[in-house]
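Colleague: Let's see this in three dimensions:
(4 chains)
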Protein chains: 2
Amino acid sequence: MKDKKSYHHGDLRKTLVDTATDIIRGGGVESLSMRKLADQVSVSRTAPYHHFKDKNALLCAIAEQGFLLQDLTVKQMPADYPDFSAAALFEHYVLTYIRFANEHPETYDLMFGREIWKTGKPTESLKTISKSSFRRWVEWIAQLQQQDLFDRNEPALRIAQASWAALHGLCRLFNDGIYVNRDDLEAIAKTTVKMLIQPKK
Amino acid sequence: MKDKKSYHHGDLRKTLVDTATDIIRGGGVESLSMRKLADQVSVSRTAPYHHFKDKNALLCAIAEQGFLLQDLTVKQMPADYPDFSAAALFEHYVLTYIRFANEHPETYDLMFGREIWKTGKPTESLKTISKSSFRRWVEWIAQLQQQDLFDRNEPALRIAQASWAALHGLCRLFNDGIYVNRDDLEAIAKTTVKMLIQPKK
DNA sequence: CAAGCTATCTTGACAGTGTCAAAATAGAAT
DNA sequence: ATTCTATTTTGACACTGTCAAGATAGCTTG
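Modeller: Okay, here's the model as predicted:
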């Protein structure tokens, strides 16, 4: 029950998610077909449907993995720079965030793209994991408000929404191929940070 | 040559773009199929291919229409409020922008989405029309810098990129179904504006 | 160990997609 | 009236997601 290693395939579910992620990394979501995926794993066309109700469900699983990876990336970040100022820490986070989006563009697309959230239907578990991720963001913003990085009079939620949208928009414009000059990414990100936070005094 | 009214169909090209736009409005880009579109226009499956090389080319045409419509919407805006302050004018523009995205979400998606810009290939004419649209944005930002709405020391291009990304991100989060509470849209937009512009003095 | 049961996987099938090639037709040009 | 070209159609191909029915593998019970 715990160790499924010697079943038909082994652990097909995990294999599917992993190779699907690989395929997507190479050619985008639109290059992923259930059939080709099954082929590549040496299994029949409909085998995956016993582990995922839908193609949508598979994509949700990939997105979940993405959130986990992002959490990992972020969590091991602020410890490295314990005596940064609030502003520096915020900028550092922003850069980490956009680098993540830049390095895993297709996963990022699934995490926050219409494919799942509008066209498809997000899994219950995906909804909870993404929701808790956003909640942490709001809480941190509230802290930074106390440190006068943002306007205290504005609700934390609003600032969180607005600032995340700014971040997200930047990621999207690069990921979607509208901003093409990759070298500008960090410079634009830094400008964004400067514009978002309040002047020192 | 000028009046194609009495040809096989009439002006098929225009009819295709229009009804395709309609279909998209109803069910998103993913609900548009070349075959159903041809059906709806009472023409055979492959007839559209003599007016558009590709499905992609059709989508580009819709996007172009979108840019034209956006231009129209924007152009008749600042005249109405001739004595607004720079800040008020900027906020007004932002609200107009996100309202446009909100009212034509599917067209907006095509104008700035990966469907065309990353996965597909933007038409030459689409590239030029969108480029000139962005250039106007940069020029306006440069003006607002002179009015101390933005930091003079920062390159206008950077500020234009960063601020547009913020706008765009907001539109996307709503359009893609991640921010769902439509009532918050304008509030978040106003917060965004407040955060982006420099304090009065 | 044998019988039954369930999780897993396969084969067959269907409706739908984009788009190419070849044929048919309508309208303009000669 | 004939030729030429712009437009539209029919047929075909390879591909997609996914449902229903059957086969098989492995665990669970007697």
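
Colleague: The closest residue in space to A:Thr96 that isn't next to it in sequence: neighbour count?
Modeller: In this structure, A:Thr96 finds its nearest non-sequential neighbour in A:Met77, 5.4 Å apart by C-beta to C-beta, 6 or more residues apart in numbering or on different chains. Using the backbone N, CA and C atoms, a C-beta is placed for each residue, glycine as well. A:Met77 has 15 neighbours, counted by other C-beta atoms under 10 Å in any protein chain shown.

Colleague: I'd assumed A:His92 was in contact with A:Met77.
Modeller: Yes. The pair A:Met77 / A:His92 is scored as a contact, 6.9 Å apart, by C-beta atoms under 8 Å.

Colleague: returning to what we had before: for the residue nearest to A:Thr96, list the residues it contacts.
Modeller: Residues in contact with A:Met77, defined by C-beta atoms under 8 Å, 6 or more residues apart in numbering or on different chains, are A:92-93, A:96.

Colleague: Any buried residues in the longest helix seen in chain A, and which?
Modeller: The longest helix of chain A (DSSP state H) is helix A:124-146. By 16 or more other C-beta atoms under 10 Å in any protein chain shown, the buried positions in helix A:124-146 come out as A:126, A:129-130, A:137-138, A:140-142, A:144-145.

Colleague: is it possible to export those to a markdown table including distance to DNA strand C and pLDDT?
Modeller: Converted to a markdown table, the buried residues of helix A:124-146 look like this (distance: C-beta to the nearest atom of the strand, whole Å; pLDDT from 0 to 100):
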| residue | distance to DNA strand C | pLDDT |
| --- | --- | --- |
| A:Leu126 | 21 | 96 |
| A:Ile129 | 23 | 96 |
| A:Ser130 | 26 | 96 |
| A:Trp137 | 36 | 96 |
| A:Val138 | 38 | 97 |
| A:Trp140 | 40 | 95 |
| A:Ile141 | 42 | 97 |
| A:Ala142 | 43 | 97 |
| A:Leu144 | 46 | 96 |
| A:Gln145 | 48 | 96 |
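
Colleague: Okay, buried residues for stretch A:16-31 please.
Modeller: Quick answer for stretch A:16-31 (16+ other C-beta under 10 Å): A:16-17, A:19-21, A:23-24, A:29.

Colleague: List the ones among these that fall in helices.
Modeller: Going by DSSP H, the helices hold A:16-17, A:19-21, A:23-24 from these.

Colleague: Can you tell me the element the residue lying closest to A:Arg25 once chain neighbours are set aside falls in?
Modeller: In this structure, A:Arg25 finds its nearest non-sequential neighbour in A:Glu106, 5.7 Å apart by C-beta to C-beta, 6+ apart. Using DSSP states H and E, A:Glu106 maps to helix A:105-112.

Colleague: Tell me how many other residues surround A:Trp164.
Modeller: Count around A:Trp164 with other C-beta under 10 Å applied: 22.

Colleague: tell me the angle of the one helix or strand it maps to relative to helix A:105-112?
Modeller: Per DSSP H and E: A:Trp164 is located in helix A:156-175. With axes from the mean of the first three to the mean of the last three C-alpha atoms, to 10 degrees defining the directions, helix A:156-175 sits at 150 degrees from helix A:105-112.

Colleague: in the helix or strand that helix A:156-175 is followed by, what's buried?
Modeller: Sequence-wise, the next helix or strand downstream of helix A:156-175 (DSSP H and E) is helix A:185-196. Across helix A:185-196, burial judged by 16+ other C-beta under 10 Å covers A:185, A:188-196.

Colleague: Return the closest of those with respect to A:Asp54.
Modeller: A:Leu185 (34.0 Å; C-beta to C-beta).

Colleague: So that closest one sits against A:Asn102, correct?
Modeller: Yes. Here A:Leu185 reaches A:Asn102: they are 6.5 Å apart, a contact under C-beta under 8 Å.

Colleague: Now list whatever residues contact both of the two.
Modeller: Common neighbours of A:Leu185 and A:Asn102 (C-beta under 8 Å, 6+ apart) are A:Phe174.

Colleague: sorry, back to before: and the buried residues of helix A:124-146, which two are furthest apart?
Modeller: Longest span within those, C-beta to C-beta: A:Leu126 and A:Gln145, 29.0 Å.

Colleague: Domain ranges for chain A, per the record?
Modeller: A:1-51, A:55-196 (automatic domain parsing).

Colleague: Looks like the residue nearest to A:Arg25 contacts A:Leu32 (just checking).
Modeller: No. Judged on C-beta under 8 Å, A:Glu106 makes no contact with A:Leu32 at a distance of 9.1 Å.

Colleague: between those two, what contacts are shared?
Modeller: A:Ile24.

Colleague: OK, contacts around the closest residue to A:Ile141 other than its chain neighbours?
Modeller: Excluding its sequence neighbours, the residue lying closest to A:Ile141 (C-beta to C-beta, 6+ apart) is A:Ala160, at 4.3 Å. With contacts defined as C-beta under 8 Å, 6+ apart, A:Ala160 is in contact with A:134, A:137-138, A:141.

Colleague: Equivalent analysis for A:Glu64, please.
Modeller: A:Glu64 sits in contact with A:123, A:125-126, A:129, where contact means C-beta under 8 Å, 6+ apart.

Colleague: and among the domains of chain A, the most buried is which?
Modeller: domain A:55-196 (a mean of 18; mean count of other C-beta atoms under 10 Å in any protein chain shown).

Colleague: Next one: A:Glu10, what pLDDT does it get?
Modeller: No Glu there; residue A:10 is Gly. You'll see A:Gly10 listed with a pLDDT of 72.

Colleague: Which phi and psi values does it adopt?
Modeller: phi 130, psi -120 (degrees, to the nearest 10).

Colleague: Tell me the spacing between the residue nearest the centre of chain A and A:Tyr93.
Modeller: Central residue of chain A (C-alpha atoms, centre = their mean): A:Tyr108, 4.3 Å from the mean position. Distance of A:Tyr108 to A:Tyr93, given as C-beta to C-beta, to the nearest Å: 16 Å.
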